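Chemist: next one to model:
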Amino acid sequence: MTDSASTPRRIGVFGGAFDPPHIAHAALVRAALDDLSLDELRLVPTGQAWHKARPLTQAEHRVAMCQLAFGHIPAVMVDTREIRRSGPSYTVDTLRELSAEFPNAELYLIIGGDQARALSRWHNWQEILSLAIICVAERGYLTGANPPFMAPIGSESRFRQLLLPVMPVSATEIRSRIAAQHSVATLVFEPVARYIYDHHLYQTI
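Modeler: You can find the predicted model right below:
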């Protein structure tokens, strides 16, 4: 964490569907807080996801699960601006708003390797590079997996890498396991698992 009043505040931005939040998300949060020396990490659940074909679980449930998974970490704040915003959720809009709210802060956008490889298809992606340092989290490389992300030529200074252990877990897998009535106890935190079952989420996919 920064400890000088003259040092710019370092704010991380980690967006996603979080449908549901799981242990790999938690590993990324911890890595970002530690490796980037963040003062604050904004966890931003997606509102209307322009890039997903399937409908997301109701926003109130995804926000509640994020609070259960990360609310105990003092530096993490669940930011609901994309859910409250009408229309498609665009990362550039979130970064613009945060830049206006915290004009002297340094913004760090945390994304996965797959997202980074698709960055050129994001809405106003070049403006994103001017608003935030892009921190690319890679989970290691398995045989046949995608190659490591390479920053666009000329923009290398706008990217940083976050190294994570190989964690073969995804929200898609979790939803499938729940629909098949299989345990997800090792993939999500216990309060999140309890919330999922109490609210009958993901019973069918």
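Chemist: C-alpha from now on. contacts and neighbour counts both.
Modeler: OK.
Chemist: so what's A27 up against?
Modeler: If you count contacts by C-alpha atoms under 8 Å, 6 or more residues apart in numbering, A27 has them with L164.
Chemist: likewise the one 4 residues further on?
Modeler: Under the criterion of C-alpha under 8 Å, 6+ apart, the contact list for A31 reads 162-164.
Chemist: now V63
Modeler: 45, 78, 80.
Chemist: what do you get for A151?
Modeler: F159.
Chemist: could you measure it against R117, distance?
Modeler: 9 Å (C-alpha to C-alpha, to the nearest Å).
Chemist: and I128, by the same measure?
Modeler: Distance of I128 to R117, given as C-alpha to C-alpha: 14 Å.
Chemist: sketch out the low-pLDDT regions of the protein for me.
Modeler: 1-6, 50-53, 139-147, 205 (pLDDT under 70).
Chemist: just the helices in this structure please.
Modeler: Counting by DSSP state H, residue ranges of the helices within the chain are 23-35, 59-70, 81-84, 91-101, 113-117, 125-131, 171-179, 190-198.
Chemist: dump the ones you listed into JSON lines; add distance to L41 as well.
Modeler: JSON lines is the format used below for the helices of the chain (distance: least, C-alpha to C-alpha, whole Å):
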{"stretch": "helix 23-35", "distance to L41": "7"}
{"stretch": "helix 59-70", "distance to L41": "10"}
{"stretch": "helix 81-84", "distance to L41": "14"}
{"stretch": "helix 91-101", "distance to L41": "12"}
{"stretch": "helix 113-117", "distance to L41": "19"}
{"stretch": "helix 125-131", "distance to L41": "16"}
{"stretch": "helix 171-179", "distance to L41": "21"}
{"stretch": "helix 190-198", "distance to L41": "20"}
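Chemist: F14: which of those is closest?
Modeler: Among the helices of the chain, helix 23-35 comes nearest to F14, with 8.1 Å by C-alpha to C-alpha.
Chemist: if we can go back for a sec, most neighbours, which of the contacts of V63?
Modeler: Counting neighbours by other C-alpha atoms under 10 Å, P45 leads those with 25 neighbours.
Chemist: noted, bye for now.
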